[in-house]
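*Asks:* Output the structure for:
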Amino acid sequence: MMNKLLLRASAFLLALSAALPATAFPDRPLRFVVPNTAGSATDTLARTIAAYVQQKTGQSVVVENKAGANGIIATEFVAKSAADGYTVLIGNVTTNAANPSLYKKLPYDADKDFAPLSGLGRASQVMAVNNDVPARTVAEFIALAKANPSKYAFGSGGASARVASETFAQMAGVKMLHVPYKGNPLALNDLMAGQIQLFFPDMSSALPLIRGGKIRALAVTSGTRSSYLPDVPTLNESGLPGYEASVWFAAYAPAGTPADVVGALNRLIAEGVRSEPSVAFFRGIAMEPFPTTPDELRRFTRKEIDSWARAIKAAGIQPE
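*Replies:* Got it, this is the predicted structure:
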């Protein structure tokens with residue numbers, strides 16, 4: 001009788017152990033690696049999602065900024081990290097879509113070296129000028145730039161701003177100087193100071209400065225007007241038919257991360273994007289929530305890599 005009870009107990013424990021994961025994930029602190037400077041849209045978004053994940057799991061989430069080299073430093077770091085789910089790239093359109101066409105050789109493969117987790121957010125860009133620039137419309141800026149070839153300088157804190165600017169220059173038929181920066185905040189500071197005259201930041205970075213009168217918005221890059229700047233026309237409306245651009249942010253783990261860990265991270269991050277505090281945060285920075293499944297993000301990323309390759313070629317940008 002005792003042996004039968006022991007056998008039944010053993011069978012029950014085996015069934016229970018099979019139904020439960022051997023170790024709950026995460027069981028130690030996580031690291032969110034950001035390829036941009038503190039204060040950038042990618043950084044503030046990372047910290048918002050990190051706060052949710054930390055509250056939900058009880059594990060601390062360290063946000064680590066590794067800015068520089070157009071996001072390559074941080075992206076390579078994550079690509080070569082242990083595939084255990086504890087190091088996550090808070091990537092963006094630059095790191096995971098544009099860079100493959102901006103460089104002849106990258107130390108990472110934007111598709112094969114990552115396990116997509118979830119989309120985070122999407123936003124349009126703004127064509128913004130320094131307040132001293134005597135142009136109130138896109139047409140007036142184009143006229144100034146044509147009358148003064150290479151006099152006006154545009155900044156880029158990443159691929160999205162550079163491609164937006166180069167596409168504008170190509171479509172408008174103007175010549176401008178390119179000044180690269182390590183991140184949008186630095187470029188915005190120089191735009192306000194008049195060191196550069198034109199910049200195409202994401203809406204979330206630009207909106208507070210536009211509303212505060214620190215810089216002037218001439219147009220938005222989206223296909224339709226933004227509800228955040230309803231009086232600002234699109235570039236398409238402003239004489240550049242077909243012009244459209246946007247930025248996006250997403251989370252990736254190193255390739256080879258176990259499927260159950262990818263699933264756990266997807267649930268945590270997507271839930272964080274949908275949470276009430278995050279939705280309020282998105283609304284406050286003029287960004288749209290963009291939660292996805294891992295498969296949806298993989299398909300989206302591949303499509304974006306192809307789309308940016310065409311845009312970069314059309315803008316006449318030569319790979320470095």
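
*Asks:* can you map out the strands along the stretch 201-320 of the chain?
*Replies:* For the stretch 201-320 of the chain, the strands defined by DSSP state E, counting those that start in this stretch cover 216-220, 246-254, 288-289.

*Asks:* Tell me the helices and strands packed up against the last one.
*Replies:* The helices and strands touching strand 288-289, judged by 3 or more C-beta pairs under 8 Å, 6 or more residues apart in numbering; DSSP states H and E, are strand 114-124, helix 276-284. To be clear about C-beta, it is placed using only N, CA and C from the backbone, and glycine gets the same treatment.

*Asks:* Recalculate using a threshold of 10 Å.
*Replies:* For strand 288-289, the contact count by 3 or more C-beta pairs under 10 Å, 6 or more residues apart in numbering; DSSP states H and E identifies strand 114-124, helix 259-274, helix 276-284 as packing neighbours.

*Asks:* just the angle between the second one and helix 276-284, please?
*Replies:* It refers to helix 259-274. 60 degrees (axes from the mean of the first three to the mean of the last three C-alpha atoms, to 10 degrees).

*Asks:* max-length helix in this protein?
*Replies:* Counting residues, the longest helix found in the chain (DSSP state H) is helix 294-314.

*Asks:* Any buried residues in it, and which?
*Replies:* 294, 297, 298, 300, 301, 304, 305, 308, 311, 312 (16 or more other C-beta atoms under 10 Å).

*Asks:* Now distance to residue 133, mean neighbour count and mean pLDDT too, for the strands of the stretch 201-320 of the chain, in JSON lines please.
*Replies:* Shown next, in JSON lines, are those (distance: least, C-beta to C-beta, whole Å; neighbours: other C-beta atoms under 10 Å; pLDDT from 0 to 100):
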{"stretch": "strand 216-220", "distance to residue 133": "7", "mean neighbour count": "23", "mean pLDDT": "98"}
{"stretch": "strand 246-254", "distance to residue 133": "23", "mean neighbour count": "26", "mean pLDDT": "95"}
{"stretch": "strand 288-289", "distance to residue 133": "29", "mean neighbour count": "16", "mean pLDDT": "90"}
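
*Asks:* What residues are bridge-paired with the spatially closest residue to residue 160 that is not a sequence neighbour?
*Replies:* Closest residue to residue 160 apart from its sequence neighbours, by C-beta to C-beta, 6 or more residues apart in numbering: residue 247 at 4.7 Å. When assigned by DSSP bridges, residue 247 has beta-bridge partners residue 123.
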